[in-house]
Every structure is written in structure tokens, then in C-alpha cells.
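Peer 1: Next comes the sequence, and after it the predicted model I'd like to discuss.
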Amino acid sequence: MTDKLSDAARVALFERMLLMRRFEEEIINAAAAHKDIGRNHLYIGHEATGAAVLAALKQGDLVHTTHRNHGHVIGRGADPGKALAEIMGREGGLNRGRGGTWHLCAKSVGIQSTSAMVGGSIGLAIGGGWAVRELGTDNVSVAFFGDGVLDEGISYEAMNFASRYDLPVLFVCENNSKEGAHETSRLAAQQLGDVPRALGIPVVTINGHDADGVYAATMKALESVRKGTPVFLESKLERWPGSHQAKPEFVTGVTDVSMAWDDGKIAGPHADWIRGFDPLLVFARTLLADKAADRAALTAIDARVRDQIAAGRAYAEASPFPEPETALSGVYA
């Protein structure tokens, strides 16, 4: 398989990234309208990493994600309306309203789990890697996690286990630390990659805002992973300014796709992030420069995505809350 996407596939990748972004923006709108929606950790600013890694996977590959999970769930192909309904605690949600934002899963598209526990996804991905190997397939298990996970003992244990037993696990560290290698980490190691390297796991560092580069690096890494050599991808990201709000707000404004070709629209205290690090705008400019798409095409994609998100919101709000007597359904005692 090639590590380069066709222009049509790159445009489709942009649409997937935009769907991820518009979904998160709709979470902000929905949380303002529905006071019972609790805290959500948004994936804004990570879309190039998540969408490109997921685009490189095939059917049967397993994905394990974190509290910052919406982008992975939507990017893998889960229905946005059902995902939003789940976050709103509705019966029509992906998990019948039982999981909520921090425990979304969509097994039909390979999203095995969301673990809100720091380090939860990396441990679960080891089990997934063991399972697909035992089944005799060439599928892989993917662990998405943040840089802070490297502080947890389970990350060392999981990577050591994967290396020792040649498990087909792709470790994807989305490093959005603001200073140096590990601002949110307390590692003695100088670089996050020092830990997997010490365990014999190859490390690839990528620009997490470059969708083309992430896809190429992932495809190359998967060649090794499918043969039983785990790989650690470190995606370097510039953190979205609204990343750690208790109640998310539009700190960088609602995304305006036309900013990709009209720099004069970019303003405000976070203009530098919007101009230089918003992966949607970065990729849109690349597509325009490569003549893979024109302004009209990108505008039409945005209109289509907005309609899809609006339909998803309508579905979620029309879905009822679960009946109280079903509260213990699926609970094992």
C-alpha cells in the first residue's frame, strides 16, 4: 500500500477533519443549551493527527482512546448524531446513554473503548494486540494517549509487554505540551521517546499538524506493526488555547474555512495559533496550493458537514432519556 493519498482521498480526509471539528463546536453549543451536559475534553487542534492515523487503518483494526475521545470516535466513522446523543445521556446514543462523553465506544467501527483513566487506553490496547494476534490476523491495536500518560506505571508495563511479546500495537502519543518535551509530564527522561526506545520500540516523531505527513508516517509504521513490531508515534502539537476549560467556549471563534485563503479575517488574542497551528486551515492551504481542491469545493464541503451536524443535533435532542427502570440493564453484579 502507498503512503501517499490521492487528491480525492486527501479532500475526503479534509472533510473528515472538518466533521470532527464541527462536532466539537456543536458540543460547545449543546453544552450551553443543555445544563445537564457535564465537562467535555475537546479534540480541537488534533484533527490532522487523529484523522490521518485512522485513515491509515483497515477494517478489523482496533482503536482504544482517552477522555479526549470525540475526534477519534467521529474520525473512525461513528454516527455523529448517536455520538452526540450518548454525550447527552439519551437512549439513542451509541451506548444507550450509559457511557456518556468519557466512555464512548463504537465497536462497529473498531472503537473498542474509551477510558477516562489516565493510562487506561494504553493498557487496554495491549489486550487488543494480544487478541488480534491470537486470532491469526494481520490486524493491529492502536492506543491513543496524551503525553501525561508516560508518567503512569501502566505505560511502562504496557510498552514492555508489547516489546517482549512482539504485539501488533501502534502507540500514538498526542503530545500537546507547551514547553519542551514534557511540560505536563514529570519524567526524568529528556524526551518522551526515550522511554519506548529503552524498551526496544522504534520511535517516530511527527508534526501533528501535517495531515499528509502523519498519514505517510503511520502507513510506514503499520508495515512493521502488522508484522509484530510495536511502534511509538509521537505527534508534536501546539495546544489549542481552549484545551483545559472546565466548560468549553469558542476561545478561537467558530472555525471559518475561508481564513485559509483570506488571512485578513484572522484576528484576536489567539491569531498566531489560528494562523500557524490550526490543522484544518493548514491542510486547506496545502490542498489549495496543490490544486487538489479549490475554494468552492472546500466551501461546499463545509456546507455539507454543517448540514450533517445539524441533523445529528436534531436526532440527539429528539432521542428520549432512558427509562429509570432500565438503569441496571447490562450491569453485572
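Peer 2: Received, thanks. Predicted, not measured: the structure shown is a model, and the values here were computed from it. Numbering: from 1, shown residues only.
Peer 1: helices and strands of this structure: which one bottoms out on pLDDT?
Peer 2: When the helices and strands of the chain are compared on mean pLDDT, DSSP states H and E, strand 111-114 comes out lowest with a mean of 86.
Peer 1: So which elements touch that strand?
Peer 2: On a contact count with 3 or more C-beta pairs under 8 Å, 6 or more residues apart in numbering; DSSP states H and E, strand 111-114 meets strand 62-65, helix 70-75, helix 120-134. C-beta coordinates here come from the backbone N, C-alpha and C atoms, glycine included.
Peer 1: Could you save those as TSV and add columns showing mean pLDDT, mean neighbour count and distance to Asp263?
Peer 2: Listed next are the helices and strands packed on strand 111-114 as TSV, based on pLDDT from 0 to 100; neighbours: other C-beta atoms under 10 Å; distance: least, C-beta to C-beta, whole Å:
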stretch	mean pLDDT	mean neighbour count	distance to Asp263
strand 62-65	96	29	34
helix 70-75	96	29	26
helix 120-134	95	22	38
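Peer 1: Compute the distance between Ala300 and Arg306, please.
Peer 2: For Ala300, the distance to Arg306 equals 11 Å [C-beta to C-beta, to the nearest Å].
Peer 1: of those two, who's got more company?
Peer 2: The neighbour count for Ala300 versus Arg306, taken as other C-beta atoms under 10 Å, is higher for Arg306 (15 against 12).
Peer 1: Assumed that one was part of a helix.
Peer 2: Yes. Arg306 sits within a helix when classified using DSSP: H, G, I helix; E, B strand; the rest coil.
Peer 1: Verify the contact between Val203 and Arg197 for me.
Peer 2: Yes. Counting by C-beta atoms under 8 Å, Val203 sits close enough to Arg197 to count as a contact (5.5 Å).
Peer 1: of those two, who's got more company?
Peer 2: Using other C-beta under 10 Å as the criterion, Val203 and Arg197 rank with Val203 on top: 17 against 14.
Peer 1: And for the more buried one, nearest residue in space, chain neighbours not counted?
Peer 2: Gly193 (3.8 Å; C-beta to C-beta, 6 or more residues apart in numbering).
Peer 1: Check Ala143 too.
Peer 2: Ala125 is the one closest to Ala143 (C-beta to C-beta, 6+ apart), at 3.4 Å.
Peer 1: how far away is the one you found from His67?
Peer 2: Ala125 is 15 Å from His67, by C-beta to C-beta.
Peer 1: same deal with Leu5?
Peer 2: For Leu5, the distance to His67 - C-beta to C-beta - is 29 Å.
Peer 1: And for Ile206?
Peer 2: Using C-beta to C-beta, Ile206 is found at 22 Å from His67.
Peer 1: more crowded one of the two?
Peer 2: Each of Ile206 and His67 has its neighbours counted (other C-beta under 10 Å); Ile206 has more, 23 against 19.
Peer 1: was I right about the more buried one contacting Gly213?
Peer 2: Yes. Using C-beta under 8 Å, Ile206 is in contact with Gly213, at 5.8 Å.
Peer 1: Show me the contact partners of stretch 150-157.
Peer 2: 118-120, 122-123, 145, 149, 173, 182, 185-187, 192, 195, 199 (C-beta atoms under 8 Å, 6 or more residues apart in numbering).
Peer 1: swap in stretch 65-74?
Peer 2: By C-beta under 8 Å, 6+ apart, stretch 65-74 touches 19-20, 23-24, 27, 40-43, 46-47, 50-51, 54, 63, 80, 83, 87, 94, 101-102, 104-106, 111, 113-116, 118, 120-121, 144-146, 149, 174.
Peer 1: Let's see that with 6 Å instead.
Peer 2: Contacts with stretch 65-74, where a contact means C-beta atoms under 6 Å, 6 or more residues apart in numbering, come from 19-20, 23, 41, 43, 46, 50, 80, 83, 102, 104, 106, 111, 114, 116, 121, 144-145.
Peer 1: Repeat that for stretch 135-143.
Peer 2: 60-64, 121-122, 125, 128-129, 132, 168-171, 225-226.
Peer 1: packing partners for the one helix or strand Ala300 maps to?
Peer 2: Using DSSP states H and E, Ala300 maps to helix 295-318. Helices and strands touching helix 295-318, by 3 or more C-beta pairs under 6 Å, 6 or more residues apart in numbering; DSSP states H and E, are helix 7-33, helix 80-87.
Peer 1: hey, which of those is tucked in deepest?
Peer 2: The highest average neighbour count among the helices and strands packed on helix 295-318, using mean count of other C-beta atoms under 10 Å, belongs to helix 80-87 at a mean of 26.
Peer 1: between it and helix 7-33, what angle do the directions make?
Peer 2: 30 degrees (axes from the mean of the first three to the mean of the last three C-alpha atoms, to 10 degrees).
Peer 1: Just the mean pLDDT for helix 80-87, thanks.
Peer 2: Helix 80-87 shows a mean pLDDT of 96.
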